[in-house]
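Colleague: this one's sequence-less:
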């Protein structure tokens with residue numbers, strides 16, 4: 001049994017100038033938003049949800065990206081509205097957001 005129901009990793013990698021990276025597309029701000037929202041929704045902690053920053057997840061060309069475990073579902077997103085949809089649909093209700101899935 002997993003310690004967390006869902007463990008979410010945001011690629012927050014910062015590559016060199018001219019290289020595609022998730023952090024240049026707002027990944028750190030999106031991760032902070034998700035972490036705050038999970039706290040507001042009282043979904044943080046053991047048996048619930050953990051939001052983490054990660055180094056390169058090697059999918060920056062699809063980025064910005066995040067992955068939800070234990071399901072191993074990868075998402076790309078544009079803004080906080082997309083992050084909110086992932087939170088509400090996937091993390092709250094257990095439904096994969098197909099339009100954002102990669």
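Modeller: Cool, got the structure. These figures come from a predicted structure and were not determined experimentally. Residues are numbered from 1 along each chain as shown.

Colleague: spatially central residue in the protein, please.
Modeller: The centre of the chain sits closest to residue 66, judged by CA atoms, centre = their mean, with a distance of 3.7 Å.

Colleague: which SSE is it in?
Modeller: Secondary structure from DSSP states H and E places residue 66 in strand 65-69.

Colleague: buried stuff in that strand?
Modeller: Within strand 65-69, the residues that count as buried by 16 or more other CB atoms under 10 Å are 65-68. Bear in mind the C-beta positions are built from the backbone N, C-alpha and C, glycine included.

Colleague: same question, stretch 88-101
Modeller: Here stretch 88-101 shows 89-91, 97, 100 as buried, counting by 16+ other CB under 10 Å.

Colleague: need the pLDDT of residue 30.
Modeller: The model reports residue 30 with a pLDDT of 98.

Colleague: any idea how far it is from residue 54?
Modeller: 12 Å (CB to CB, to the nearest Å).

Colleague: so which residues of the chain form strands?
Modeller: With DSSP state E, the ranges of strands along the chain come out as 6-11, 49-54, 65-69, 73-76.

Colleague: can I get the ones you listed in a markdown table including mean pLDDT and distance to residue 34?
Modeller: Shown next, in a markdown table, are the strands of the chain (pLDDT from 0 to 100; distance: least, CB to CB, whole Å):
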| stretch | mean pLDDT | distance to residue 34 |
| --- | --- | --- |
| strand 6-11 | 97 | 7 |
| strand 49-54 | 97 | 5 |
| strand 65-69 | 97 | 8 |
| strand 73-76 | 98 | 11 |
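
Colleague: so, low pLDDT: which residues of the chain?
Modeller: 1 (pLDDT under 70).

Colleague: ranges for the helices of it?
Modeller: Per DSSP state H, the chain carries helices over the ranges 27-40, 80-85.

Colleague: winner for burial among these?
Modeller: Among the helices of the chain, helix 27-40 has the highest mean neighbour count (mean count of other CB atoms under 10 Å), at a mean of 18.
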